[in-house]
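# Predicted structure and sequence below. I'll ask about it afterward.
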Amino acid sequence: MKETDLYGPVKKHFELLGFTVRSEVRGCDLAAFKGEELVIVELKLDFNIKLLYQALERQKLTNSVYVAIPRPKRSNSLEFRSKVEIARRMKIGLIVVGLDSPAKCVEEVVLPPGGDEKNSARRNGEKRAKVLKEAAGRRGDYNQGGSSRVKINTVYREKAIKIACALEKSGPMASPALIKRYGCDKNSYRIMKSDYYGWFSNLGKGVFLLNDAGKAFLEEFAEQGIVAFCKGEVEEADNPKEQA
């Protein structure tokens, strides 16, 4: 059993409630948003001090904070009832996930207070805004909530991957052509010039190519997540579907 096993069922639960869900957003295991409404969920295999501390930190961003843990074998045990009481007193939502069931059912045992988002935003409005911007700016959900020691696909990384896919398809190209032909980000030149991931080589006069490191990255992850998505977009840009 891993923390990442909790992510899928919890994500589906909030999507059914009308939220858009993203994983690993600025340190939050799961961020769900609907307009300006923000819900944060931290995933753990056990209800412990570390989890409670994380939840308290997330309360600086929103009143709608949950912790999600596997469903206990005995929901009427003194130990679990104590956890429920702690969550209520701390005003933290508690979700249990039935990982022992094929249905992977999700139950909100304790609801957070929610609401009063403006007051919550005043506590740390800048960081809250960054979480919402990062979550809303992603093209899809290509991380795995609860994961650790793995590369997280941020908005910036997704933009760089799109450029890499375009250069792989076209060969050396300048940013204006990348933007016009493939719909790459308007800051493509800066992304390639800064070369944060080591994928791009500057040929001069604003022209860049995808180097061996970039090609190796795309080859390794060709069939996965955001790489496959961007490759599809680039392919479609070069071969647009015929208009009906």
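Looks like it arrived, so ask away.
# Low-confidence stretches in the protein?
Scanning the chain with the threshold set as pLDDT under 70 gives 102-103, 115-124, 138-155, 223-225, 240-244.
# how about the strands of it, start to end?
20-25, 28-34, 37-43, 65-70, 93-97, 106-110, 173-174, 200-204, 207-210 (DSSP state E).
# Tabulate the ones you listed (TSV), appending distance to Leu51 and mean neighbour count.
Bear in mind the C-beta positions are built from the backbone N, C-alpha and C, glycine included. Listed next are the strands of the chain as TSV, based on distance: least, C-beta to C-beta, whole Å; neighbours: other C-beta atoms under 10 Å:
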stretch	distance to Leu51	mean neighbour count
strand 20-25	16	23
strand 28-34	10	24
strand 37-43	6	25
strand 65-70	5	25
strand 93-97	10	23
strand 106-110	14	16
strand 173-174	47	19
strand 200-204	40	14
strand 207-210	42	20
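# can I get those in CSV with distance to Gln59?
CSV is the format used below for these (distance: least, C-beta to C-beta, whole Å):
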stretch, distance to Gln59
strand 20-25, 16
strand 28-34, 12
strand 37-43, 9
strand 65-70, 5
strand 93-97, 11
strand 106-110, 14
strand 173-174, 47
strand 200-204, 41
strand 207-210, 43
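# What separation do you get for the nearest residue to Ser201 once chain neighbours are set aside and Ile161?
Closest residue to Ser201 apart from its sequence neighbours, by C-beta to C-beta, 6 or more residues apart in numbering: Asn211 at 4.5 Å. Distance of Asn211 to Ile161, given as C-beta to C-beta, to the nearest Å: 15 Å.
# what about Trp199, neighbour count?
25 (other C-beta atoms under 10 Å).
# swap in Gly232?
11.
# same question, Lys2
By other C-beta under 10 Å, the residues close to Lys2 number 12.
# One more: the one 10 residues further on?
Using other C-beta under 10 Å as the criterion, Lys12 is surrounded by 13 other residues.
# let's number from 14 now, not from 1
Sure thing, new numbering starts at 14, so read that last one as Lys25.
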